[in-house]
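**Student:** need the 3D shape of this:
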Amino acid sequence: MRIFVHIALSVILSLLFVSVVAPKVVVAADAVVCQRPKETDAKTTKKIAPDTIITEYSMDGFVYPSKVVNLSIDTARYKSRLVRTINHIFSTSTPRRTLTDADDDDSYYEGFRIDSIIIIRMRPFNDSVKNKFVSWAYRTANKLHWLTRESKIRQSMIIKKGDKLSSTDITRNEVLIRSSNYVNDVSIVPEPVPDKDSSVVLMVFVRDNFSLGGELSYGGKENYSKLSVYENNLFGMGNRLMLSCYLDPIARNRSAAGDISHTYNNIFGIFADFTTTLGYGDKGDYFIVHNDINKNFITPKDYGFGVSHDYFRDMVKVGTMDSVIRVTANLATIWAGYSFPVSKNETSVYFAARYDYHKYFDGPFVNRWVNPMYHDNSAMLFSLGIYRERFYRGNLIYGFGRTEDIPYGFRVEAVGGYTWGRYDNIPYLGAKVLTGHRTKLGYFSLTAQWGGYMSSIDRYRQMITTGDLIYFTHLLPLRRSYYLRQFFNMGVSVGSNMRIGDGQNITFSDTHTMRDLSMNNVIGTTRLYLSPETVLFSPWSILGFRFSTFAYFDFGTLGYDTNPFRNDIYSTIGIGLRIRNEKLSFSAIQLRLSFMLKAPSEISPKYFIVSHEQRLSVPRFIATQPEMVLYQ
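**Tutor:** You can find the predicted model right below:
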């Protein structure tokens, strides 16, 4: 029914537009091009493929597309970057062997005045393919998809009409829009305005992702699998609606609990997101009400703020008691910060403050030394730092061909505050250093953190020190359009003078995991992790699904000795296949075959795994809210 409504509305609106504006119509192969009367006698022709509807308007004799329902055009008429941009948006991205500086592309028009901004919207799939079945499938998917509204894209623009063009602002705006889970790619192209010196028109090309999706994952709520169905672009407004249920494979009543979550993207046009979640199940043992509004830093001169509140009740596995305990809590957080540039290269200084309130009504046994994670407390944190962030542009890194934004720069931050707890009132100190850059050997990202409580009794308490390295090589071309990239991740975490209970030990987590080993009961206070991985990107494409093969070696140590090389050793080796369609919202499908090389006898290996992999990314350097060092 929805498809017929879309078709009927499109026909009615097209007829109204033709009758009211009285445009000239050029038809080629059943295509319709609507143009407003031109102010000059300049001739404008354009070859249009079937099923294409383009609305245009002219300005000083030059025709710019305003709205595109489906785009498949011969752009031979345009001999500028406009051609390359359209071809880039509609075709598979050419592999970039090295990371390129994103700001260099638009530096030619630096300082020009922005005369106007034109939005060109594209549906996820190009349905003009020759195969009838594929064309039908793509048309059906496009009709089921809510095309992002032009007003929503304009609301996402930090660049406004009348501003002076800045290549760094264009890059930031592209990164902002591209980070939305309903956008596949975006390109902002400045074009000179005829007869207007030092003026440009910004052409904003946006291609949507197919925003309807679902996932089945292991984990989530304790001992349950999670089935989720979501729409990432509800009504074309960029809002996310997700329904989730937790499945117990043993119990007869498999739908044990469920959530409904809604995120309003860029509320009030201030780049803040509002999320609300409701959950209920397990005969009342699971209940959650979550609300938060959060506005992150975006530009060198900016502000950020956030307010969140959680009330939840859940059955939680408590390691110290080796049992499942009902935990009921009321949690609240509020924070705000401001940043401003201090140099011409957009290095910025920032400061921020945060207040946390934690109240537990039910939970495990606690005292001064046991389960501090479940202590009632409130905390005030302050941060002061300096940062600079710009972006490289590449592909075939963590994705399968889409444009990827890789940050480079640095951030240095000091954190201090005070905690008022159930048993102690104690100050907190911490520091963080991040840096990342491209070199001749590839890209390096380094993160170092230190933080803990200052105690008059034992000098320092719960002191956590972490360091992480992310490295990947430039893309290495092989024969027949195959490409190779080498990755290397390393991390070390050390906890000193920790207490007893949950949150006072670590294991191999999601970001530092020993793939295909069951590590539920293996804990320690010191962890070392090394993981080289070789990825081969193939040119294979079946209905938009791309394939890559990989081989990996995971090595780690975990135990209670502060020297990581004295702790127990764990290692696995394996190969795998990843499959992903970049125009879909689904995670990558991953198949792995692995072998355990070294581990204690109580560890059980998993030889073959089918799972999904969320999109990975490199840590950013922009200012954030104050945070204690996480022990995970």
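**Student:** chain center to whichever strand or helix holds residue 338: distance?
**Tutor:** Assigned by DSSP states H and E, residue 338 falls within strand 323-341. Distance, stretch centre to chain centre, for strand 323-341: 21 Å (Cα atoms, centre = their mean, to the nearest Å).
**Student:** what does stretch 190-201 give?
**Tutor:** Using Cα atoms, centre = their mean, the offset of stretch 190-201 from its chain centre is 34 Å.
**Student:** and the end-to-end length of it?
**Tutor:** End-to-end span of stretch 190-201 (Cα to Cα, to the nearest Å): 6 Å.
**Student:** where does residue 531 fall, secondary structure wise?
**Tutor:** Residue 531 belongs to strand 526-542, assigned by DSSP H and E.
**Student:** list the helices and strands the very next helix or strand once past that strand packs on?
**Tutor:** Sequence-wise, the next helix or strand downstream of strand 526-542 (DSSP H and E) is strand 545-559. Helices and strands touching strand 545-559, as assessed by 3 or more Cβ pairs under 8 Å, 6 or more residues apart in numbering; DSSP states H and E, comprise strand 526-542, strand 568-581. Yep, even glycine has a C-beta here, placed from its N, CA and C like the rest.
**Student:** tell me which residues of strand 545-559 come out buried.
**Tutor:** 545, 546, 547, 548, 550, 552, 554, 555, 556, 557, 558, 559 (16 or more other Cβ atoms under 10 Å).
**Student:** please parse this protein into its domains.
**Tutor:** The chain resolves into domains spanning 2-208, 296-613 when parsed by automatic domain parsing.
**Student:** which stretches in the stretch 201-350 of the chain count as strands?
**Tutor:** Taking DSSP state E, counting those that start in this stretch, the strands of the stretch 201-350 of the chain run over residues 212-218, 225-234, 239-247, 255-267, 272-281, 286-295, 302-318, 323-341, 348-362.
**Student:** as CSV, those with mean neighbour count would be great.
**Tutor:** Converted to CSV, the strands of the stretch 201-350 of the chain look like this (neighbours: other Cβ atoms under 10 Å):
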stretch, mean neighbour count
strand 212-218, 14
strand 225-234, 19
strand 239-247, 19
strand 255-267, 18
strand 272-281, 17
strand 286-295, 17
strand 302-318, 17
strand 323-341, 16
strand 348-362, 18
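**Student:** which stretch in the domains of the chain has the least confidence?
**Tutor:** Ranked by mean pLDDT, those end with domain 2-208 in last place, scoring a mean of 64.
**Student:** quick revisit: next, the angle from the strand holding residue 531 to strand 568-581.
**Tutor:** With axes from the mean of the first three to the mean of the last three Cα atoms, to 10 degrees defining the directions, strand 526-542 sits at 20 degrees from strand 568-581.
**Student:** quick one: strands adjacent to the strand holding residue 338?
**Tutor:** Strand pairing for strand 323-341, using DSSP bridges, gives strand 302-318 (antiparallel), strand 348-362 (antiparallel).
**Student:** closest to residue 107 out of these?
**Tutor:** Ranking the strands paired with strand 323-341 by their distance to residue 107 (criterion: Cβ to Cβ) puts strand 348-362 first, at 20.9 Å.
**Student:** pull up the distance across stretch 143-151, start to finish.
**Tutor:** 20 Å.
**Student:** and it, how far from the chain's centre?
**Tutor:** 21 Å.
**Student:** mind listing what's buried along it?
**Tutor:** The neighbour-count check on stretch 143-151 (16+ other Cβ under 10 Å) flags 145, 146, 147, 148, 149, 150 as buried.
**Student:** roughly how far does the last one sit from residue 118?
**Tutor:** Read that as residue 150. 10 Å (Cβ to Cβ, to the nearest Å).
**Student:** before we move on, what about residue 401?
**Tutor:** 26 Å.
**Student:** do the same with residue 453
**Tutor:** Distance from residue 453 to residue 118, by Cβ to Cβ: 55 Å.
**Student:** OK, contacts around the closest residue to residue 568 other than its chain neighbours?
**Tutor:** Leaving aside its chain neighbours, residue 568 sits nearest to residue 559 (5.4 Å; criterion: Cβ to Cβ, 6 or more residues apart in numbering). Counting by Cβ atoms under 8 Å, 6 or more residues apart in numbering, residue 559 touches 524, 525, 526, 566, 567, 568.
**Student:** how many other residues sit next to the last one?
**Tutor:** Other residues lying near residue 568 total 15 when counted by other Cβ atoms under 10 Å.
**Student:** please apply the same query to the third one.
**Tutor:** Applying other Cβ under 10 Å, we find 22 other residues in the vicinity of residue 526.
**Student:** okay, and the beta partners of it?
**Tutor:** Counting by DSSP bridges, residue 526 is bridged to residue 494, residue 559.
**Student:** that one against residue 494, yeah?
**Tutor:** Yes: with contact defined as Cβ atoms under 8 Å, residue 526 and residue 494 form a contacting pair (5.0 Å).
**Student:** which residues do these two both contact?
**Tutor:** Common neighbours of residue 526 and residue 494 (Cβ under 8 Å, 6+ apart) are 562, 564.
**Student:** residue 124 and residue 139 touch, don't they?
**Tutor:** No: contact criterion Cβ under 8 Å: residue 124 and residue 139 do not qualify, at 11.4 Å.
**Student:** between these two, which one's more packed in?
**Tutor:** Using other Cβ under 10 Å as the criterion, residue 124 and residue 139 rank with residue 124 on top: 23 against 17.
**Student:** ok, that one - contacts?
**Tutor:** By Cβ under 8 Å, 6+ apart, the neighbours of residue 124 are 141, 142, 145, 184, 207, 208, 209, 210, 583.
**Student:** now, of the residues you listed, which are buried?
**Tutor:** Among the contacts of residue 124, the ones that count as buried by 16+ other Cβ under 10 Å are 141, 142, 145, 184, 207, 208, 209, 210, 583.
**Student:** just checking, what packs against the helix or strand where the fourth one lies?
**Tutor:** Meaning residue 184. Here residue 184 sits within strand 183-192, counting by DSSP H and E. When contacts are defined as 3+ Cβ pairs under 8 Å, 6+ apart, strand 183-192 packs onto helix 81-90, helix 167-178, strand 199-208.
**Student:** helix or strand next in line after the first one, which one?
**Tutor:** Right, the one you point to is helix 81-90. Taking DSSP H and E, what comes next after helix 81-90 is strand 100-101.
**Student:** buried ones in the following helix or strand past that following strand?
**Tutor:** Where DSSP H and E defines the elements, the next helix or strand beyond strand 100-101 is strand 113-122. By neighbour count on 16+ other Cβ under 10 Å, the buried set for strand 113-122 is 113, 114, 115, 117, 118, 119, 120, 121, 122.
**Student:** helices or strands up against strand 113-122?
**Tutor:** Secondary-structure packing of strand 113-122 (3+ Cβ pairs under 8 Å, 6+ apart): strand 62-70, helix 150-155, strand 199-208.
**Student:** what about 10 Å?
**Tutor:** If you count contacts as 3 or more Cβ pairs under 10 Å, 6 or more residues apart in numbering; DSSP states H and E, strand 113-122 packs onto strand 53-59, strand 62-70, helix 81-90, helix 150-155, strand 183-192, strand 199-208.
**Student:** what sits against the closest residue to residue 374 other than its chain neighbours?
**Tutor:** Spatial nearest neighbour of residue 374, chain neighbours left out: residue 363 (4.4 Å); criterion: Cβ to Cβ, 6+ apart. By Cβ atoms under 10 Å, 6 or more residues apart in numbering, the contact set of residue 363 is 316, 318, 325-329, 371, 373-376, 502.
**Student:** closest one to residue 227 out of those, please.
**Tutor:** For the contacts of residue 363, the nearest to residue 227 is residue 316 (21.2 Å; Cβ to Cβ).
**Student:** am I right that the closest one is in contact with residue 282?
**Tutor:** No: applying Cβ atoms under 10 Å as the test, residue 316 and residue 282 come out as separate, 12.0 Å apart.
**Student:** look up how far residue 170 lies from the nearest residue to residue 190 once chain neighbours are set aside.
**Tutor:** Leaving aside its sequence neighbours, residue 190 sits nearest to residue 200 (Cβ to Cβ, 6+ apart; 4.1 Å). As judged by Cβ to Cβ, residue 200 and residue 170 stand 11 Å apart.
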